[in-house]
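# Provided below are the primary sequence and the corresponding predicted coordinates.
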Amino acid sequence: MTTHERPLDSVLETIGETPLVRIHDGPAEVPVYAKLESFNPGASVKDRIGRYMLERMLERGELGAGGTVIEPTAGNTGIGLAIAAGQLGLDAIFVVPERFSVEKQQLMAALGAEIINTPTADGMGGAIDRAHELADELDNAVVPQQFANPLNTEAHYAMTGPEIYDALDDEVGAIVAGCGTAGTLMGIARYGREQDTETYVAAVEPEGSLYGEFLGEHREEGAYKIEGIGTHNTDTNELFESDLVDDVYAVSDERAHDELRRLAAEEGHLVASSASAACVAAKHVAREIAAGEIDAPYESVVTVFPDSSERYLSKGIYRSFDEWDN
Ligand code: PMP
């Protein structure tokens, strides 16, 4: 963690270099490691793309000094973009479907952003349309559009992937991560496949989400409580690259809820449902590697814990499964 040993000039420099920690509930012979992204200043993986996308867009002249960033976002990306926008002298407006956590919306506002809510029923598609309408009305405004922006994947290819490989001396057998935009998984997977073409890659989605259809699997669309991953409309997830993915695992709300409680009680990880769903799938992959049912170049599995449970306490994340509200 060389970058954090000396005093830093700005909060932006604290982004990345997060710890990779062993998960102790997997098979002994195939360790599972989780990258703890709540260690970022905005407490999620999305601080990485907030900084990376805005710095590149400013460098390329796609956004002028003092411009406005408008983004449809479930919250974490808004927080990441709001931190970066504030430090880079930009304004920020976020379009958030109503169903997402109020905590996230309060944090975005505290960071100086304006929040616009769209109806839950219009989904992420409704938020995306509204963001583009707003950008058309303003001068010097951009919609980074994390669901379609290659800079999202590139941020993880440039930072998250190399950090994981450095921590494990390049001996990574499998990469298992949840897909919201899919930027996190695609960036790490692209980096990993360049290190070893045999690296096993698995995406994780909630039961009821349609990511599996990218690999030709049948999926029943349905509602789910797991927050931050999954898709109801594969047309909006432009970053998912099927040739980088071996399998897509669907995890039930109930399984994710059990696991997030177990991770806190047994291992001290205060993580939310997208992390626990990824952990369920990562342990499954580790068991399959141990049993010789999945071929991987090394006996290790890496997953990502995107954020912290503290952001979801108002939704009853640690109450009983029935009281966990959506
Ligand atoms: N978990 C949470 C809590 C998130 O907010 C997100 C981003 N939507 C993800 C996981 C998924 O990350 P990505 O968008 O890179 O697939």
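Received the coordinates, thanks.

# domains of the chain?
11-39+153-323, 46-142 (automatic domain parsing).

# Those domains: which one's closest to E5?
domain 11-39+153-323 (10.3 Å; CB to CB). (C-beta placed from N, C-alpha, C; glycine too.)

# how far out from the middle of the chain is the closest one?
Counting by CA atoms, centre = their mean, to the nearest Å, domain 11-39+153-323 is centred 9 Å from the centre of its parent chain.

# Quick one: end-to-end distance for that domain.
37 Å (CA to CA, to the nearest Å).

# Report the rounded mean pLDDT for that domain.
What domain 11-39+153-323 shows for mean pLDDT is 97.

# repeat for stretch 93-109
85.

# now for the domains of the chain, which one comes closest to the ligand?
Smallest distance to the ligand across these (CB to the nearest ligand atom): 2.4 Å, for domain 11-39+153-323.

# Report whether that closest one contacts the ligand.
Yes - against the ligand, domain 11-39+153-323 shows contacts by CB under 6 Å from any ligand atom at 178-184, 227-229, 272, 274, 306-307.

# before we move on, what about stretch 122-140?
No - against the ligand, stretch 122-140 shows no contacts by CB under 6 Å from any ligand atom, the least distance being 9.4 Å.

# hang on, the earlier thing: among the residues of domain 11-39+153-323 next to the ligand, which one is most surrounded by other residues?
G178 (33 neighbours; other CB atoms under 10 Å).

# Let me see the contact set for the residue lying closest to that residue once chain neighbours are set aside.
For G178, ignoring the flanking residues on the chain, the nearest one in space by CB to CB, 6 or more residues apart in numbering is I229 at 3.7 Å. Counting by CB atoms under 8 Å, 6 or more residues apart in numbering, I229 touches 178-180, 204-206, 209, 274, 277-278.

# what's the answer for I70, then?
92-95, 131, 134-135, 138, 141-143.

# Report the rounded mean pLDDT for the helix or strand containing it.
Using DSSP states H and E, I70 sits in strand 68-72. Strand 68-72 carries an average pLDDT of 95.

# centre of the chain versus that strand, how much separation?
18 Å.

# tell me the secondary structure for M186?
helix (DSSP: H, G, I helix; E, B strand; the rest coil).

# That one touches T153, doesn't it?
Yes - judged on CB atoms under 8 Å, M186 makes contact with T153 at a distance of 4.5 Å.

# between these two, what contacts are shared?
In contact with both M186 and T153: L239, using CB under 8 Å, 6+ apart.

# which stretches of the stretch 151-300 of the chain form helices?
161-167, 183-195, 253-267, 273-290 (DSSP state H, counting those that start in this stretch).

# what helix or strand does G26 sit in?
G26 belongs to no helix or strand, assigned by DSSP H and E.

# coming back round to it: for the residue nearest to G178, grab phi and psi.
phi -130, psi 160 (degrees, to the nearest 10).

# The one 3 residues further on now?
Summarising the backbone geometry of H232 under the convention degrees, to the nearest 10, its torsions are phi -100, psi -10.

# I'd like the distance between T234 and S252.
For T234, the distance to S252 (CB to CB, to the nearest Å) stands at 20 Å.

# cool, and P7?
In terms of CB to CB, P7 sits 46 Å off from S252.

# more neighbours, these two?
Shown here are P7 and S252; by other CB under 10 Å, S252 has more neighbours (16 against 6).

# so who does the more buried one touch?
206-207.

# how about 10 Å then?
206-208, 224-226, 258, 277, 280 (CB atoms under 10 Å, 6 or more residues apart in numbering).

# What of H218?
Neighbours of H218 in contact, by CB under 10 Å, 6+ apart: 210, 212.

# hmm, try it at 8 Å
Taking CB under 8 Å, 6+ apart as the test, what H218 contacts is G212.

# What of L151?
L151 sits in contact with 49, 52-53, 56-57, 144, where contact means CB under 8 Å, 6+ apart.

# And the furthest pair within these?
Maximum distance among the contacts of L151 (CB to CB): 11.4 Å, for I49 and M57.
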